[in-house]
Each structure stands twice: as structure tokens, then as C-alpha cells.
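J.: task: produce atomic coordinates for the following.
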Amino acid sequence: MKTLAIRLEDDLHAQLGVLAQLSELTVTDAIRQAIEQWIEQKRSAPELTTRAQSVLDEIERDAAQRRLAIATLFGETEAAPKTTTETEQTSSRRAQRGKGGEAVADS
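T.: Take a look at the predicted model:
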């Protein structure tokens, strides 16, 4: 578990405290619930899904360049970059995973 410190304006903190108390929550629990709801909302946003795929593609390109650099440096062939087909298969496997990373069975 991580600890997060945030700064809030006095009036915003007071409102949060009152709302948490009225909801019979601690301020920490109220903040945690708000963050969980925000993440769930963002998780289903199509523009973020597209952006996430772009970031994953960039990571794959960087990893391929690094593998090639290592292979060139040490003369190893097994460190050679993945082919486009291998990269597509990896992306496809990622897309078939559920929220928790578990494999989803084909229908």
C-alpha cells in the first residue's frame, strides 16, 4: 500500500470533511472512493484506450531497439527484436486479458 499526500484549500477540505462525516466515512475512505470511481470512469474512455495502445506500441519499439543494441553489442542472435507478427500476437494476447490480467477464454 502506498501513502499519498495532497494539498487542499481550506474550504475544500472543510467541505470534504463535512460530506465524509454525513456519509459516515472517514476523509480517507471518501477520497479512496472518489479515486476508485474516477479510475473506473476513465478506464472505459475510448480516447484513453487508444492512447494506451500508442504507449504500448512505443514501449515495444523501444524494447526492440534495446534488444537489437544488446544483440549487436554481444553478438547474440536470441536478443534480436521481435518480428511484427510476434509483436502483433503479444498485443492481441494483451487485448484478450481481463481487468485483473487474467486470460479470457475464446468464445
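J.: show me which helix or strand of the protein is least confident by mean pLDDT.
T.: helix 84-95 (a mean of 56; mean pLDDT, DSSP states H and E).
J.: residues of the helix or strand harbouring Ala30 that come out buried?
T.: Assigned by DSSP states H and E, Ala30 belongs to helix 27-43. Within helix 27-43, the residues scored as buried using 16 or more other CB atoms under 10 Å are 30-31. Every residue, glycine included, has its C-beta placed from N, CA and C.
J.: ok, and what's touching that helix?
T.: 6, 16-17, 19-20, 23, 25, 48 (CB atoms under 8 Å, 6 or more residues apart in numbering).
J.: of those residues, just the buried ones, PyMOL syntax please.
T.: Buried subset of the contacts of helix 27-43, written as a PyMOL selection, criterion 16+ other CB under 10 Å:
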select buried, resi 20
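J.: now render the contacts of helix 27-43 as JSON lines, adding secondary structure, pLDDT and distance to Val55.
T.: Shown next, in JSON lines, are the contacts of helix 27-43 (DSSP: H, G, I helix; E, B strand; the rest coil; pLDDT from 0 to 100; distance: CB to CB, whole Å):
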{"residue": "Ile6", "secondary structure": "coil", "pLDDT": "95", "distance to Val55": "25"}
{"residue": "Leu16", "secondary structure": "helix", "pLDDT": "98", "distance to Val55": "32"}
{"residue": "Gly17", "secondary structure": "helix", "pLDDT": "98", "distance to Val55": "37"}
{"residue": "Leu19", "secondary structure": "helix", "pLDDT": "98", "distance to Val55": "35"}
{"residue": "Ala20", "secondary structure": "helix", "pLDDT": "98", "distance to Val55": "35"}
{"residue": "Ser23", "secondary structure": "coil", "pLDDT": "97", "distance to Val55": "36"}
{"residue": "Leu25", "secondary structure": "coil", "pLDDT": "98", "distance to Val55": "34"}
{"residue": "Leu48", "secondary structure": "helix", "pLDDT": "91", "distance to Val55": "10"}
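J.: great, nothing more from me.
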